[in-house]
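**Q** Have a look; sequence and predicted model below, questions after that.
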Amino acid sequence: MQLGLVGLGRMGGNMRGRLRTAGHEVIGYDRNPDVSDVASLAEMVERLTPPRAVWVMVPSMVTDAAIEELATFLSEGDLIIDGGNSRFSDDQPRAARLAEKGIGYMDVGVSGGVWGLENGYALMVGGDAEHVARLEPVFEALKPQGQFGFVHAGPVGAGHYAKMVHNGIEYGLMHAYAEGYELLSKSEIITNVPGVIKSWRDGSVVESWLLDLLDRALDEDPELANLSGYTEDTGEGRWTVEEAIRLAVPMNVIAASLFARFASRQDDSPAMKAVAALRQQFGGHAVRKRP
Ligand SMILES: NC(=O)C1=CN([C@@H]2O[C@H](COP(=O)(O)OP(=O)(O)OC[C@H]3O[C@@H](n4cnc5c(N)ncnc54)[C@H](O)[C@@H]3O)[C@@H](O)[C@H]2O)C=CC1
Ligand SMILES: O=C(CO)[C@H](O)[C@H](O)COP(=O)(O)O
């Protein structure tokens, strides 16, 4: 089928490749002319035959603006799919605004990262059954081969909700591997840290794709010597914790892994300075002065 695709970066660019390999006609627009198929959004829309379907794959901070601009070129009966990591609570208001113009909307959480071109993307879909059915050939091309990797999770917003929780879990899993890695690295008795990690890849209880990727990173840089631990976040972990607070769900692991990222950005911790100062105040304990 024919699909418009807005945003041709690490995700959208590869998705365009996978869809084309499956025989679909993709007309992609990106602000960056080096990767764009067309010069403008208007040209992309012009080249699509109504009723059109346009998949948006841009950073969440710019998604609302991108969809608003796109909608000015679309007509009744067209359909917008947001595949980026948007906050689920943005979806229903967005769908309502588009519905005023007769434009349909669905949200899709996409997992698979830069490996999706080759392995396929796990898709978590939110929206009306009629829209899901319309996009079925696109989902079929994007999803991994095999039994799993696709869900119609519920109404508009459910796809992004599912992806939010997925990413929260991702934070926690990564952090568990990371803490295990640090302990192995500090141990006096382990002489082959990358070897231990590698050994777990087959037959162990903790084997997983993330573990495979940690092994890959250690193959490239056995002591991760070329990296700083500074770690960004793009929203999903925060939203997961916010939602856990709203629903009073104990979320010890994911919250701790989110906060560890915040700590990774500090040269020194103001909180720990306060703890050191207080110990000194009440107990006369020694503190380390800054050089
Ligand atoms: N990289 C990853 O592992 C994953 C990313 N995502 C989500 O997918 C979305 C895209 O992520 P990436 O491809 O990694 O980002 P990216 O930064 O590699 O690519 C974004 C692309 O969008 C373009 N762009 C930005 N604003 C635009 C606009 N208004 N109109 C047209 N093009 C515009 C940029 O020029 C860039 O090429 C984000 O929402 C991200 O959170 C989802 C799953 C995995
Ligand atoms: O969705 C993803 C993987 O599943 C993206 O890589 C996302 O950017 C990861 O989240 P964060 O940037 O907060 O670490």
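**A** Happy to help now that I have it. Ligands and ions are numbered 1, 2, ... in the order given.
**Q** the strands in the protein, which residues?
**A** With strands called from DSSP state E, the chain shows them at 2-6, 25-29, 53-56, 79-82, 104-111, 122-126, 150-154.
**Q** Tell me how many other residues surround the closest residue to ligand 1 within the stretch 101-250 of the chain.
**A** Nearest residue of the stretch 101-250 of the chain to ligand 1, counting by C-beta to the nearest ligand atom: residue 113, 3.6 Å away. Just so you know, the C-beta spots here come from the backbone N, C-alpha and C atoms, and that holds for glycine as well. Counted with other C-beta atoms under 10 Å, residues neighbouring residue 113 total 14.
**Q** contacting residues for it?
**A** 10-11 (C-beta atoms under 8 Å, 6 or more residues apart in numbering).
**Q** try residue 95
**A** Contact analysis of residue 95 by C-beta under 8 Å, 6+ apart lists 105, 156.
**Q** Look up how far residue 159 lies from residue 132.
**A** 10 Å (C-beta to C-beta, to the nearest Å).
**Q** Mutual contacts of the two, please.
**A** Common contact partners of residue 132 and residue 159 (C-beta under 8 Å, 6+ apart): 106, 125.
**Q** Look at the two and report which has more neighbours.
**A** Neighbours per residue (other C-beta under 10 Å) separate residue 132 from residue 159, with residue 159 holding more: 30 against 17.
**Q** Isn't that one up against residue 124?
**A** Yes: the criterion here is C-beta atoms under 8 Å, and residue 159 meets it with residue 124 at 4.7 Å.
**Q** Mutual contacts of those two, please.
**A** 108-109, 153.
**Q** Just give me the neighbour total for residue 158.
**A** The number of residues near residue 158, taken as other C-beta under 10 Å, comes to 21.
**Q** Assess the claim that it and residue 108 are in contact.
**A** No: applying C-beta under 8 Å, one finds residue 158 not in contact with residue 108, separated by 10.2 Å.
**Q** Give the residues shared as contacts by those two.
**A** Common neighbours of residue 158 and residue 108 (criterion: C-beta under 8 Å, 6+ apart): 124-126.
**Q** Show me which residues of the biggest helix by length in the chain are buried.
**A** Longest helix in the chain, counting residues (DSSP state H): helix 158-186. Neighbour counts over helix 158-186 (16 or more other C-beta atoms under 10 Å) mark 158-168, 170-175, 177, 180-181, 184 as buried.
**Q** Enumerate the residues of the stretch 1-150 of the chain near ligand 2.
**A** 85, 111, 113 (C-beta under 6 Å from any ligand atom).
**Q** With pLDDT added, can I get the residues you listed in TSV?
**A** Formatted as TSV, those follow (pLDDT from 0 to 100):
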residue	pLDDT
85	98
111	98
113	97
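**Q** For residue 149, state which of those residues is nearest.
**A** For these, the residue nearest residue 149 by C-beta to C-beta is residue 111; the value is 8.6 Å.
**Q** Disregarding residues adjacent in the polypeptide, which is nearest to the closest one?
**A** Closest residue in space to residue 111, ignoring its immediate chain neighbours: residue 122 at 4.2 Å, by C-beta to C-beta, 6 or more residues apart in numbering.
**Q** Same check on residue 39?
**A** That would be residue 33: by C-beta to C-beta, 6+ apart, it lies 7.2 Å from residue 39.
**Q** contacting residues around the closest residue in space to residue 66 that isn't next to it in sequence?
**A** Excluding its sequence neighbours, the residue lying closest to residue 66 (C-beta to C-beta, 6+ apart) is residue 58, at 5.1 Å. When contacts are counted by C-beta under 8 Å, 6+ apart, residue 58 touches 6-7, 9, 12, 66, 84.
**Q** do you know how far residue 58 is from residue 107?
**A** According to C-beta to C-beta, residue 58 and residue 107 sit 14 Å apart.
**Q** Next: residue 117.
**A** 22 Å.
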